[in-house]
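# I would like to see how this sequence folds:
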Amino acid sequence: MRKIIDPVAFYLGPLAIRWYGIILSVAVLIGIFLTLREAKRQEIDPDFFLDFFIYGIPGAVIGARLYYVIFRWELYQDNPLKIFATREGGLAIHGAVIGGLIVLIYLSRRRRVSFWKAVDILAPALVLGQAIGRWGNFINREAHGGVVSREFIGHFPEFIQKQMYINGEYYHPTFLYESIWDLLIFLLLIYFRRKDYVRRGDIFLTYLIGYSLGRFFIEGLRTDSLMLGPIRVAQLISIIAIIIGIVLLYLRHGRAAD
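Coordinates of the predicted model:
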């Protein structure tokens, strides 16, 4: 087998540039490109989305960090300054989505842009970014599942086998399961986006339901879940998101399109 992949891509003097950051940056750039292209097609001022990314990306990072810290407060209560040590890890995608949505709600109201139209444009880029971002977890050898047999992991490419061989055991490549699921959701949203029967909000709500459904089952395999007592937080949030998505779809299709 090949050697495991070094999480550090290269150094700029004493500063380590990690693959995780590079992969997330690529995901963001692709997301910006897709969003601006769709905004142009739907005749929405691209400046609105450029402003959103300027404020929304920091908002997402802050949300991702706060979400993680809240549910792992025992790691920070004796040294609160460690909250700012994001290079040590500790970001949660649900927190990032919540943070980004808060910024989008504020900005759409301020600019008088339909929130539902804006979030529909962003949803495919978001889920594709999630699909790409999971490969950062792969490089870091994190967000994996429980122990699996050599026979089971043998069904995967060699580079995945090697990266999932940790401390003498093989682990479920749950990053891969979620990446593939997110890619399928992305393709589904792109397909639905061109359909006449789709109303404003349908694309985002489909993302909310679809992503959450996959995350619920995949989270059950992971070993690093944030916990609320005996409950996996990501599974709880996923159930809530699915219910909200279904209810909003029902209500919005029960009346005239906005």
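# Helix or strand: which one has the most centrally placed residue in the chain?
Of all residues in the chain, the one closest to the mean position by Cα atoms, centre = their mean is Gln130, 3.9 Å from it. Using DSSP states H and E, Gln130 falls within helix 115-140.
# Do you know the pLDDT at Asp258?
In the prediction, the pLDDT value recorded for Asp258 is 48.
# and if you look at Arg255?
For Arg255, the pLDDT comes out at 62.
# same question, Asp120
Confidence score, pLDDT, at Asp120: 97.
# how much space between it and Arg110?
In this view, Asp120 and Arg110 are 19 Å apart by Cβ to Cβ, to the nearest Å. Every residue, glycine included, has its C-beta placed from N, CA and C.
# show me where the chain has strands.
In order along the chain, the chain carries the following strands (DSSP state E): 8-12, 15-18, 147-148, 165-166, 169-171, 227-228, 231-232.
# Just say which of these is most tucked in.
Comparing these by mean neighbour count (mean count of other Cβ atoms under 10 Å), strand 169-171 ranks first with a mean of 18.
# counting contacts, what elements does it pack onto?
Where contact means 3 or more Cβ pairs under 8 Å, 6 or more residues apart in numbering; DSSP states H and E, strand 169-171 is packed against strand 147-148, helix 150-153.
# contacting residues for the residue nearest to Gly63 when sequence neighbours are not counted?
Nearest-residue entry for Gly63: Gly99, 2.1 Å, with adjacent residues in sequence omitted and distances by Cβ to Cβ, 6 or more residues apart in numbering. Listed by Cβ atoms under 8 Å, 6 or more residues apart in numbering, the contact set of Gly99 reads 56, 59-64, 66.
# Please render the residues you listed as TSV that adds neighbour count, pLDDT and distance to His94 to the earlier fields.
Formatted as TSV, the contacts of Gly99 follow (neighbours: other Cβ atoms under 10 Å; pLDDT from 0 to 100; distance: Cβ to Cβ, whole Å):
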residue	neighbour count	pLDDT	distance to His94
Gly56	22	96	16
Gly59	21	96	14
Ala60	24	95	11
Val61	17	94	13
Ile62	16	95	13
Gly63	24	96	9
Ala64	22	95	8
Leu66	16	95	11
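# Just give me the closest of the residues you listed to Phe186.
Ala60 (18.1 Å; Cβ to Cβ).
# List the contacts of that closest one.
Applying Cβ under 8 Å, 6+ apart, the residues near Ala60 are 96-97, 99-100, 103.
# Let me know the distance separating it from Leu101.
Taken as Cβ to Cβ, the span from Ala60 to Leu101 is 9 Å.
# Also Pro157?
To Leu101, Pro157 is 36 Å away according to Cβ to Cβ.
# can you check Ser149 too?
When Ser149 is compared with Leu101 (using Cβ to Cβ), they lie 41 Å apart.
# what about these two, which has more around it?
Leu101 (18 against 9; other Cβ atoms under 10 Å).
# if you skip the residues just before and after it, what's nearest to that one?
Nearest residue to Leu101, sequence neighbours excluded (Cβ to Cβ, 6+ apart): Val119, at 7.5 Å.
# these two touch, right, that neighbour and Asp202?
No - using Cβ atoms under 8 Å, Val119 and Asp202 do not qualify as a contacting pair, with a distance of 10.6 Å.
# which residues are common contacts for the two?
With Cβ under 8 Å, 6+ apart, Val119 and Asp202 have no common neighbours.
# Helices of the protein, residue ranges please.
Along the chain, counting by DSSP state H, helices occupy 19-41, 46-71, 93-111, 115-140, 150-153, 158-163, 174-193, 202-219, 233-253.
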